[in-house]
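Participant: sequence first, then the predicted structure:
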Amino acid sequence: MPKAFLIDTSRCTACRGCQVACKEWKNFPAVPTKQRGTHQNPPDLTHYNFKLVRFSEHMEDGTVHWNFFPDQCRHCIDAPCLAASAVPGAIIKDEASGAIIYTAKTVKEDFASIRSACPYDIPRKDPKTKQIVKCNMCIDRVQANLLPICVKTCAMGAMNFGERSAMLKLAAERLVTVQRTFPKAQLLNKDDVSVIYLVTDAPATYHKFAVADASDAPGMTRKEMLAGAFAPLRKIAQSVQG
Ligand code: SF4
Ligand code: SF4
Ligand code: SF4
């Protein structure tokens with residue numbers, strides 16, 4: 001059964017425990033950075049930061065809003081990065097979990113093509129190894145029946161992980177509850193991704209790439225790209241499976 005995350009931002013306190021746990025589990029070194037007057041640090045995802053708690057502050061109706069967004073790869077159902085891959089075996093899908101995995105063969109990929117194919121701007125390149133890297137769903141832990149370390153670490157219940165059907169059910173239940181307090185609450189691209197975000201405000205107030213249709217991809221929105229451009233591939237795969 002495919003897995004999924006539910007990231008309930010209404011419960012996130014921006015403690016960054018998930019961000020640090022991801023680095024620790026993967027034994028990634030610190031990335032040189034500097035204080036820029038914001039809670040978000042480092043400024044963006046890097047080859048050593050597969051998880052980043054984004055922080056957005058904005059004024060609305062005279063009130064300050066702080067929006068927290070623990071960003072990571074969405075493990076798309078029909079992953080555009082996988083469809084854009086030109087190197088066999090470089091980007092693969094673990095059918096059991098639904099995880100999209102980047103292998104050492106990504107050194108032969110065109111990084112710009114892979115990154116621009118991603119509606120959420122996730123892939124990064126390791127300047128030393130030349131590999132393209134990102135969150136791998138903690139596949140080593142998941143295959144050992146353990147939770148991804150970012151989920152295990154979250155004390156607030158913002159990070160959830162399990163069977164996709166269970167996460168969709170939980171997402172629907174939480175949405176009803178959260179909408180009582182936050183009428184704008186919504187689930188982001190839930191039918192297209194394995195990492196479903198529940199947000200309480202307009203997606204653009206969190207991050208430019210929070211939702212697939214928040215981009216300015218030429219000719220079509222990224223959501224249209226997800227839903228349309230790769231739909232023929234999905235149909236071919238379905239017809240092959242019978
Ligand atoms: S560990 Fe949980 S509460 Fe803390 S930043 Fe991550 S998602 Fe938010
Ligand atoms: S979020 Fe981006 S990197 Fe992750 S599976 Fe989807 S297209 Fe690929
Ligand atoms: S699933 Fe694992 S690799 Fe992905 S963001 Fe969470 S801790 Fe990092």
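Facilitator: Structure's in. What do you need? Ligands and ions are numbered 1, 2, ... in the order given.
Participant: can you give me the strands for this structure?
Facilitator: Applying DSSP state E to the chain gives strands spanning 3-8, 52-60, 63-71, 91-94, 99-102, 124-125, 132-133, 159-163, 186-188, 195-199.
Participant: adjacent strands (with direction) for the fifth one?
Facilitator: Note on strand 99-102: by DSSP bridges, its sheet partners are strand 91-94 (antiparallel).
Participant: kindly report the same for the third one.
Facilitator: On the basis of DSSP bridges, the sheet neighbours of strand 63-71 come out as strand 52-60 (antiparallel).
Participant: do the partner strand and ligand 3 meet at all?
Facilitator: No. Strand 52-60 is not in contact with ligand 3 by C-beta under 6 Å from any ligand atom; minimum separation 9.0 Å. Where C-beta positions appear, they are placed from N, C-alpha and C, glycine not excepted.
Participant: hmm, who's touching that strand?
Facilitator: 12, 14, 16, 18-19, 38-40, 42, 44-45, 64-72, 205-207 (C-beta atoms under 8 Å, 6 or more residues apart in numbering).
Participant: okay, residue 27: pLDDT?
Facilitator: The model reports residue 27 with a pLDDT of 98.
Participant: what's the burial count for it?
Facilitator: 7 (other C-beta atoms under 10 Å).
Participant: ok, it to ligand 1 distance?
Facilitator: In this structure, residue 27 and ligand 1 are 19 Å apart, going by C-beta to the nearest ligand atom, to the nearest Å.
Participant: again with residue 142
Facilitator: Distance of residue 142 to ligand 1, computed by C-beta to the nearest ligand atom: 18 Å.
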